[in-house]
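got a predicted structure plus its sequence, pasted below:
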Amino acid sequence: MDIDTSVVHSARRYNYWLGGTDNFPVDRESGDAIAARFPSVPLAARENRAFLRRAVKALSELGVRQFLDIGTGIPSAGNVHEVAPDARVVYVDNDPLVLVHAQRLLTDATTYLEGDFRDPEQILARARETLDFTQPIGLMLVAILHFVKDKDQPHKLISTLLTALPRGSYLAVTNATLDFARPEDAADARRMLGHEMEWRSADELARFFDGLELVEPGIVPVSDWRPEDGVRPDPAEVSSYGAVGRKP
């Protein structure tokens, strides 16, 4: 399997911020450089992961027994199938290193696909081998959309995926934002990461939920989406929105 260890990959850098070891020097160097300017970045990564766990738990309680997790990243604690052990899960990522580590997760009810969010038809075709598209599915797009530029038409990509899902399915999304950033921090973020990231406002994120019914509490900082305790970081530290919507 051909893995270029000289090029930064967002999944490996994310793994590094989560405290994982499945990354290379180039990923750690990039992660450290970003964290030196924005010390709360590792916290933001953890809060995105915590949102994933809470969203999966909430959807499970609503009766969802199938999940399509796109941009899953390198496996770490709190995977979808661990939060919802009775569910069927399809994980999708475009980093071949993720497949290496995902092998240990594969079961009759858990599948990994090497695929790209920008090719939803291919993902859907292969996901149908594991998931029942006549029953509700939880579509998880956590910490991936901010790596999809507007020129790649993410709204069209999501629409393609949602059109294929049955009524009663759900979309769970997080996206980095600069809504809470100081002007100088926003400027530095765009300078350092503007080539790879697309920050979105609450209104811009809302467009992904056109035609869906937002689940309470709506579009909020990820740490404020049904928190499990009273201790919450400042939205400026998390710098990411999260939301869940239902297909009526």
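Looks like it arrived, so ask away. Model, not experiment: these values are computed from the prediction. Numbering: from 1, shown residues only.

outside of stretch 60-71, which residues touch it?
Contact partners of stretch 60-71, identified using C-beta atoms under 8 Å, 6 or more residues apart in numbering, comprise 11, 56, 59, 80, 83-84, 86-93, 115, 117, 123, 127, 131-132, 135-144, 147, 161, 169-170. No exception for glycine: its C-beta is placed from N, CA and C like everyone else's.

among those, which ones are in strands?
The strands in this structure, assigned by DSSP state E, contain 88-93, 138-141, 170 from these.

which helix or strand contains the residue in the chain sticking out farthest from the centre?
Farthest-out residue of the chain from its mean C-alpha position, per C-alpha atoms, centre = their mean: E184, at 26.7 Å. Per DSSP states H and E: E184 is located in helix 183-193.

measure stretch 202-217 end to end?
13 Å (C-alpha to C-alpha, to the nearest Å).

could you number the chain from 747 rather than 1 from now on?
Will do, 747 is the new start, and the previous item becomes stretch 948-963.

so which bits of that stretch are buried?
Residues of stretch 948-963 classed as buried: 950-952, 954-955, 958, 961 (neighbour count, 16 or more other C-beta atoms under 10 Å).

quick one: that stretch to chain centroid distance?
Averaging C-alpha positions (C-alpha atoms, centre = their mean, to the nearest Å) puts stretch 948-963 16 Å from its chain's average.

list the contacts of the residue nearest the centre of the chain.
The centroid of the chain falls nearest to V888 when counting by C-alpha atoms, centre = their mean (1.5 Å). The contact partners of V888, by C-beta under 8 Å, 6+ apart, come to 794-795, 797-798, 801, 815, 817, 918-920, 988.

report the angle between the top helix by length along the chain and strand 834-839.
Longest helix in the chain by number of residues (criterion: DSSP state H): helix 787-807. Computed with axes from the mean of the first three to the mean of the last three C-alpha atoms, to 10 degrees, the direction of helix 787-807 lies at 150 degrees from that of strand 834-839.

pull out the buried residues from helix 787-807.
Across helix 787-807, burial judged by 16+ other C-beta under 10 Å covers 787-802, 804-806.

I am finished for the moment; much appreciated.
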